[in-house]
Structure formats: C-alpha cells, structure tokens
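Predicted model and sequence below, questions to follow.
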Amino acid sequence: MTTSESMVYRVVPKCACSTIGQIMYYSDHGEFFDGDIHDAKDRIHKWALDDSQQAIIKNVQSHRSYAFTCVRNPYTRILSSFFDKICGIQRNGKYYRGNLVPLLVQKYGIEVGDPDNGFEFDQIKSFRRFLLFARDTIRWRRPMDPDIHWSAMSGHISTFIVNGGRYDHIFWTEKFNDGMQTVLDAVDTAHPISLAEIPRFNESEGHGPKRANPVEDYFDDLSMHLVYEMYKKDFRIFKYDFENPANKMPIGEIDLDEVHAKLGQ
C-alpha cells in the first residue's frame with residue numbers, strides 16, 4: 001500500500017510485482033526506490049513490515065482505497081520461476097534458498113548449468129523434472145512446502161478476499177500498460193506517471209541462463225497435465241488458454257464477481 005493510501009496492491013510473485021511496487025513508490029515520492037523495491041523498509045507500506053500491518057488491515061477491511069492485483073499466464077510464470085529461482089544466482093551471490101538447488105540435483109536429476117560455461121545444459125529436460133518437483137510441493141508439500149514463486153496465483157489472491165478485502169481491478173501482465181493505466185486513472189497520485197516512460201524493473205534479469213526455446217517446446221503432454229493439476233483454477237478464473245502453451249494471451253475477460261465468489265470461500 002502506498003503511504004498516502006492512494007492504492008492497495010496484493011503482490012503475486014512473478015507477475016510484474018517489482019515494476020508495480022516501483023510505480024506505487026514513485027506515485028507518492030516522485031522518484032523510484034534506489035535498488036530492489038522488495039528491499040524497501042520505509043516510504044511504502046508492506047505486510048512484512050510490522051509497523052504497516054495495522055494500517056493495511058484497517059484500509060483493506062473498510063475498502064478505503066482502490067485495490068488491485070496482477071496475474072500472468074501459468075505456463076510463462078512457472079518457466080520464469082525455473083530460470084530465475086532455480087537456475088539463477090540471486091542478489092546475494094548464492095543460489096535461491098541455499099540448499100534447494102543441490103536437493104533438486106540429487107533427488108530429481110535437475111541440471112542448472114554454470115555461469116562459467118555460459119549455462120550450457122538441457123533446459124527442456126531439466127525444466128520438466130523441475131515441474132515434477134513443483135507438483136510434489138503443491139500436492140503433497142514434500143520435499144518442502146510450495147514456494148511463493150510457483151504456488152498458484154489463485155491462492156495468493158484468495159487470502160486478500162478471505163481476510164475481508166475486495167478487488168476493484170485484476171489485470172494481466174501480458175497487457176500491463178492497459179491494466180496499470182486503469183488503476184492510475186482511478187486514483188489520485190501526488191506525482192503523475194507516464195507508463196510509456198517507466199522502465200521495467202526486473203530483479204531476476206541477468207543472473208541466470210536465457211530461455212533458449214519457445215515456451216511451447218518446454219511442455220509435452222505430461223508437462224501440460226502437471227501444469228493443469230497445479231494451476232487449473234488459475235487458467236479458469238483468469239481466462240488463460242490451457243490448450244495452447246504458445247498462446248500467452250488471455251482468451252476471455254476476468255469476472256470480478258466470479259473471482260470473489262470462487263476465491264472467497
């Protein structure tokens with residue numbers, strides 16, 4: 001939530017959350033946060049900050065501000081999670097979550113490449129093995145609980161509703177400028193924002209291998225089955241095309257009443 005309480009955003013990992021956070025920060029202060037917005041400790045309210053929680057609860061439960069979130073195609077989101085969180089070296093110079101990558105190498109036979117050899121490895125084979133691991137975490141919570149970066153978007157989005165919130169807008173990462181402009185048109189900000197001039201803030205870029213193949217090459221029949229098992233609700237509620245991994249664009253309009261009815265239980 002902005003400190004001015006102009007807007008409230010339910011973060012969904014891997015769905016343009018860095019860019020959205022920076023836009024919110026800029027709208028209050030006329031400058032971007034110097035660094036990764038996830039590291040900001042003041043000048044923006046976050047649930048992770050103890051001093052922010054009461055302000056957020058009061059605002060959300062009384063629906064004082066415009067509330068929104070952003071979603072992404074489940075196929076490209078899980079691919080992004082793999083290349084960023086599994087293959088990539090994180091900001092601290094280490095692999096994500098310490099011993100997670102060695103565990104995946106040992107238990108699932110996943111390869112992640114190496115910066116010294118230009119990250120040469122069989123991306124498709126490794127990604128499909130990662131999908132088995134992701135499914136195991138989501139379905140059976142083993143060998144660990146599902147990580148926020150690959151747990152279903154509907155799960156993230158539902159907590160806001162269950163705890164008394166109501167969304168005014170949910171938009172697609174794939175139509176980011178249109179969706180974010182709808183938010184900005186609905187709120188008063190201290191500093192005007194031109195989305196055409198805003199850089200894309202991608203904290204995951206540049207520290208891992210580049211995707212070497214089209215999205216659809218990573219998903220055979222079994223992979224598509226695993227993805228559907230994990231993200232069935234995401235495809236249905238946020239109107240993405242399960243049948244065609246090559247089509248990242250939505251195929252219908254998001255119905256906010258449906259979202260609140262199905263995710264508010």
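Yes, it's here. Numbering: from 1, shown residues only.

CA only for contacts and neighbour counts going forward, please
Fine.

Can you list the neighbours in contact with the worst-scoring helix or strand of the chain on mean pLDDT?
When each helix and strand of the chain is scored by mean pLDDT, DSSP states H and E, helix 100-108 comes last, with a mean of 94. Helix 100-108 is contacted by residues 86, 95, 110-111, 129-130, 133 when judged by Cα atoms under 8 Å, 6 or more residues apart in numbering.

One more pass at 7 Å, please.
Contacts with helix 100-108, where a contact means Cα atoms under 7 Å, 6 or more residues apart in numbering, come from 86, 95, 110-111, 129.

do the same with stretch 12-32
For stretch 12-32, contacts defined as Cα under 7 Å, 6+ apart pick out 2, 4, 11, 33, 37, 44, 70-72, 77, 148-149, 153, 156, 173, 189-193, 200-203.

mind running it again at 6 Å?
71-72, 149, 189-191, 200-201 (Cα atoms under 6 Å, 6 or more residues apart in numbering).

For the helix or strand containing residue 23, the averaged confidence score.
Element membership for residue 23 (DSSP states H and E) is helix 17-29. Averaged over helix 17-29, pLDDT sits at 97.

Columns secondary structure, neighbour count and pLDDT on top of the contacts of helix 100-108, output as JSON lines?
Putting the contacts of helix 100-108 into JSON lines (DSSP: H, G, I helix; E, B strand; the rest coil; neighbours: other Cα atoms under 10 Å; pLDDT from 0 to 100) gives the following:
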{"residue": "86", "secondary structure": "helix", "neighbour count": "22", "pLDDT": "93"}
{"residue": "95", "secondary structure": "strand", "neighbour count": "18", "pLDDT": "87"}
{"residue": "110", "secondary structure": "coil", "neighbour count": "24", "pLDDT": "95"}
{"residue": "111", "secondary structure": "coil", "neighbour count": "23", "pLDDT": "92"}
{"residue": "129", "secondary structure": "helix", "neighbour count": "19", "pLDDT": "98"}
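
Now for these: which two are most distant?
The largest separation in the contacts of helix 100-108, counting by Cα to Cα, is between 95 and 129 at 18.0 Å.

what sits against residue 190?
Each residue near residue 190 by Cα under 6 Å, 6+ apart is listed here: 27-28.

helix or strand for it, which one?
Here residue 190 is assigned to no helix or strand, by DSSP H and E.

helix/strand/coil for residue 171?
Per DSSP: H, G, I helix; E, B strand; the rest coil, the secondary structure class of residue 171 is strand.

nearest spatial neighbour of residue 259, skipping sequence neighbours?
Spatial nearest neighbour of residue 259, excluding adjacent residues (Cα to Cα, 6 or more residues apart in numbering): residue 237 at 6.5 Å.

any idea how far that neighbour lies from residue 252?
The gap separating residue 237 from residue 252 is 10 Å, by Cα to Cα, to the nearest Å.

Please say which of these two ends up with more neighbours.
Between residue 237 and residue 252, residue 237 has the larger neighbour count (other Cα atoms under 10 Å), namely 18 against 12.

Might one say that residue 173 is in contact with residue 72?
Yes - contact criterion Cα atoms under 6 Å: residue 173 and residue 72 qualify, at 5.3 Å.

Specify which residue of these two has the higher count of neighbours.
When neighbours are counted by other Cα under 10 Å, residue 173 and residue 72 differ, and residue 72 comes out ahead with 27 against 20.

Could you pull up the contacting residues of that one?
15, 172-173.

switch to 10 Å and redo it
12-16, 78, 153, 171-176, 234-235, 238, 240, 248-250 (Cα atoms under 10 Å, 6 or more residues apart in numbering).

so what secondary structure elements neighbour the longest strand seen in the chain?
Ranked by residue count and defined by DSSP state E, the top strand of the chain is strand 66-71. When contacts are defined as 3 or more Cα pairs under 10 Å, 6 or more residues apart in numbering; DSSP states H and E, strand 66-71 sits against strand 7-9, helix 17-29, helix 50-62, helix 153-162, strand 169-172, helix 176-186, helix 221-238.
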